[in-house]
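*Asks:* okay, structure incoming, though there's no sequence with it:
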């Protein structure tokens with residue numbers, strides 16, 4: 001028995017030569033769900049002036065290692081999730097339409113409903129969607145100045161760690177913590 005027959009008999013659908021892709025999946029999903037079909041393959045070729053062909057392989061990034069987005073998680077967790085998603089997209093060399101497709105798969109039903117209410121331009125253009133997503137889910141509800149005024153040290157936080165965190169928020173809020181103005185002169 002040949003190797004290919006063993007694969008077919010083992011139930012591996014990818015080895016079946018009689019498999020047909022009839023396009024039954026095209027009816028499922030909304031109008032922008034087909035954006036992934038335009039995604040480039042993982043290989044880019046270029047031909048040099050002397051006729052040599054160079055192959056550039058994009059690494060495969062397994063997006064399933066990233067948990068689904070939780071809009072109810074703390075702000076720092078949501079911001080970290082978005083940073084990790086961006087990092088994966090850069091590592092994988094994803095085109096904008098692939099980013100839209102992949103992030104859509106990671107959204108909770110409530111966030112998908114929010115996304116469905118965006119204009120088609122914002123829904124389909126990564127730069128616009130990213131801006132709207134970040135504004136809605138990764139931005140503090142209080143101002144930096146208010147946050148600075150109400151910060152308290154956490155139980156498990158060292159005084160030095162609290163100092164660094166406080167200074168970070170003070171810098172964002174424009175609070176002068178060292179007694180000098182922006183020019184470096186002491187006031």
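*Replies:* Done, it's in. Keep in mind the model is a prediction, meaning the values are calculated, not measured.
*Asks:* where does this protein have low pLDDT?
*Replies:* 1-42, 179-187 (pLDDT under 70).
*Asks:* go again with 90.
*Replies:* 1-65, 75-76, 91-94, 139-151, 165-187 (pLDDT under 90).
*Asks:* what about the helices in it?
*Replies:* For the chain, helices defined by DSSP state H occupy the ranges 3-9, 75-92, 96-105, 109-116, 120-124, 126-137, 144-150, 159-173.
*Asks:* from residue 124, how far out is residue 163?
*Replies:* 45 Å (Cβ to Cβ, to the nearest Å). C-beta coordinates here come from the backbone N, C-alpha and C atoms, glycine included.
*Asks:* what about these two, which has more around it?
*Replies:* The neighbour count for residue 163 versus residue 124, taken as other Cβ atoms under 10 Å, is higher for residue 124 (16 against 13).
*Asks:* thought the more buried one was touching residue 100?
*Replies:* Yes: the criterion here is Cβ atoms under 8 Å, and residue 124 meets it with residue 100 at 6.4 Å.
*Asks:* and the spatially most central residue of the chain, what is it in contact with?
*Replies:* When Cα atoms, centre = their mean is applied to the chain, the residue found nearest the centroid is residue 85 (2.8 Å). Residue 85 makes contact with 66, 102-103, 106 under the criterion Cβ atoms under 8 Å, 6 or more residues apart in numbering.
*Asks:* from residue 121, how far off is it?
*Replies:* Distance, residue 85 to residue 121, by Cβ to Cβ: 21 Å.
*Asks:* the residue nearest to the centre of the chain and residue 68, how far apart?
*Replies:* Taken as Cβ to Cβ, the span from residue 85 to residue 68 is 11 Å.
*Asks:* which neighbours do those two share?
*Replies:* With Cβ under 8 Å, 6+ apart, residue 85 and residue 68 have common neighbours residue 106.
*Asks:* neighbour-wise, which one of the contacts of residue 85 leads?
*Replies:* Most surrounded of the contacts of residue 85: other Cβ under 10 Å gives residue 103, at 23 neighbours.
*Asks:* contact partners for that residue?
*Replies:* With Cβ under 8 Å, 6+ apart, residue 103 has these contacts: 69, 85, 129, 133.
*Asks:* distance to residue 139 for the residues you listed - can I get that in a markdown table?
*Replies:* Output for the contacts of residue 103, formatted as a markdown table (distance: Cβ to Cβ, whole Å):
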| residue | distance to residue 139 |
| --- | --- |
| 69 | 15 |
| 85 | 16 |
| 129 | 15 |
| 133 | 10 |
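*Asks:* of all these, which two lie farthest apart?
*Replies:* Across the contacts of residue 103, the longest distance by Cβ to Cβ is 13.1 Å; it joins 69 and 129.
*Asks:* and residue 122, how far from residue 143?
*Replies:* Using Cβ to Cβ, residue 122 is found at 26 Å from residue 143.
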